[in-house]
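K.L.:
Need a 3D model of the sequence below.
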Amino acid sequence: MCAEAAAGNKPVPPALARMTEQPRVRDFLARTVAEGRLAHAYLFVGAPGSGKEFAAEALAKCIVCPNGGCGSCDECRRVAHRTHPDVRWLSPGGASGYLVQQARDLIADVALAPSRAKSKVYVLERAELLRDSTANALLKTIEEPPEGVVFILCARSVSTVLPTIVSRCQVVPFRTVSTEAGVGVVVRETGASEAEARIALATTGTPSKAVDFLGNDARRNVRRLVVATLGELARDDSWDVLQAAGAILEAVRVPLGEAREAMEAAARESADFLTAAALKQVEDANKRELTARERSGMMEALSAADSLLRDVLMRCEDVGGSITNSDVADVVDRLAAGTTTAGAVAAIGAVSRAGEDLARNVSPQLALEAMLLRIKEALACPPSYR
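P.N.:
Coordinates of the predicted model:
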């Protein structure tokens with residue numbers, strides 16, 4: 001049975017009902033949808049893990065679904081898989097933020113009629129990275145979009161977003177979700193054990209992404225490869241380390257194949273009523289999306305490494321309590337036995353540096369290779385040579 005909205009006792013759409021960790025936001029969005037009072041632009045603000053992206057996906061389902069957000073029809077499934085042609089997800093295309101060309105492509109796309117639904121939704125992740133000329137180019141479009149177009153911007157806080165952007169959006173604050181609450185959400189959504197939920201949260205950062213992670217064997221395999229690689233560093237020489245970095249990168253790219261096929265299929269469906277220039281814009285946007293997804297996969301791999309090494313640090317410091325990666329406690333214990341607190345801290349620093357390298361557009365392969373070699377050295381097992 002559907003949950004009931006706080007006002008008017010109206011049923012909450014199934015797509016929104018899953019937002020149990022954000023009841024106020026859930027009920028607000030449910031009332032808005034039920035009463036047909038959608039704003040032209042929303043700014044979802046909250047800490048990482050608060051569920052902003054999950055809420056954006058749920059609201060997008062309500063907007064494009066012919067049943068008002070049933071969560072199970074083809075339209076809703078396409079939104080969940082991020083392959084719906086009328087729901088576009090955007091993330092910064094450059095190391096310093098959104099590109100002006102991204103803004104131009106978005107403005108051109110907004111002017112096009114919807115492909116499948118009656119409305120279109122644009123979700124902009126990390127809206128705090130909309131800066132200067134890029135933000136200015138979008139101001140009028142965000143303030144006065146065509147009928148049926150809704151923008152959902154996601155950011156950590158209002159203070160990090162340009163005031164000119166904030167003033168054109170309806171701000172929706174998200175409360176911080178504790179780790180325990182996040183684990184509870186993942187357990188309820190997936191039926192996974194608490195241990196599995198903690199690992200998924202540590203790897204992905206948010207409950208919604210953790211749910212997706214647990215349902216994706218390819219992404220879970222990346223984490224397994226990272227753990228296995230770190231566990232074997234003491235025995236590996238430099239060539240082995242480079243090979244392991246390549247294997248992790250290939251594993252990160254496996255899920256992209258399915259996404260690429262879905263994007264190409266959506267583009268083919270739109271080919272009959274889009275101009276050649278519009279199709280080129282779609283292709284360019286898809287390429288940027290795939291690049292962003294690869295970067296996201298890489299960050300998951302780094303998070304898996306960071307989580308494991310923090311468990312090693314706990315062991316080195318003899319801190320009481322359970323480790324996160326309890327399924328590979330033998331690896332944690334083996335690494336801790338061969339290093340020191342200083343070594344574990346330095347290894348964690350190597351992971352952080354790899355994240356900075358990726359943000360500066362260093363190639364993923366090089367960033368991974370450098371990270372693994374630095375971790376190997378930090379854990380007091382310097383590289384040997386054949």
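K.L.:
Just after the helix ranked longest in the chain, pick out the following helix or strand.
P.N.:
Residue-count comparison of every helix in the chain, with assignments taken from DSSP state H, identifies helix 276-316 as the longest. Tracing the chain past helix 276-316, the next element assigned as helix or strand by DSSP states H and E is helix 329-337.
K.L.:
Can you classify Thr339 by secondary structure?
P.N.:
Using DSSP: H, G, I helix; E, B strand; the rest coil, the secondary structure recorded for Thr339 is coil.
K.L.:
What about it, how many residues nearby?
P.N.:
Residue neighbour count, defined by other C-beta atoms under 10 Å, stands at 23 for Thr339. The C-beta positions use only the backbone N, C-alpha and C, and glycine is treated the same way.
K.L.:
ok, and the closest non-adjacent residue to it?
P.N.:
Residue nearest to Thr339 in three dimensions, not counting chain neighbours: Leu379, with 4.5 Å by C-beta to C-beta, 6 or more residues apart in numbering.
K.L.:
could you check the angle helix 329-337 makes with the longest helix of the chain?
P.N.:
Between helix 276-316 and helix 329-337, the angle formed by their directions is 70 degrees, by axes from the mean of the first three to the mean of the last three C-alpha atoms, to 10 degrees.
K.L.:
Tell me the pLDDT of the residue nearest to Thr339.
P.N.:
If you check Leu379, the pLDDT there is 92.
K.L.:
what's it in contact with, if anything?
P.N.:
By C-beta atoms under 8 Å, 6 or more residues apart in numbering, the contact list for Leu379 reads 233-234, 335, 338-339, 343-344, 347.
K.L.:
go with 6 Å
P.N.:
Contacts for Leu379 (C-beta atoms under 6 Å, 6 or more residues apart in numbering) come out as 339, 343, 347.
K.L.:
How about Val87?
P.N.:
Neighbouring residues of Val87 by C-beta under 6 Å, 6+ apart: 60, 79, 121.
K.L.:
Identify, from those residues, the entry nearest to Leu38.
P.N.:
Proximity of those to Leu38 was ranked by C-beta to C-beta; the top entry is Val121 with 10.0 Å.
K.L.:
Tell me the helices and strands packed up against the helix or strand containing Phe44.
P.N.:
Secondary structure here is read from DSSP H and E; on that basis Phe44 sits in strand 41-45. Helices and strands touching strand 41-45, by 3 or more C-beta pairs under 6 Å, 6 or more residues apart in numbering; DSSP states H and E, are strand 149-155, strand 170-173.
K.L.:
now with 10 Å?
P.N.:
In terms of contacts (3 or more C-beta pairs under 10 Å, 6 or more residues apart in numbering; DSSP states H and E), strand 41-45 is packed against helix 23-34, helix 52-64, strand 120-124, helix 132-143, strand 149-155, helix 163-166, strand 170-173.
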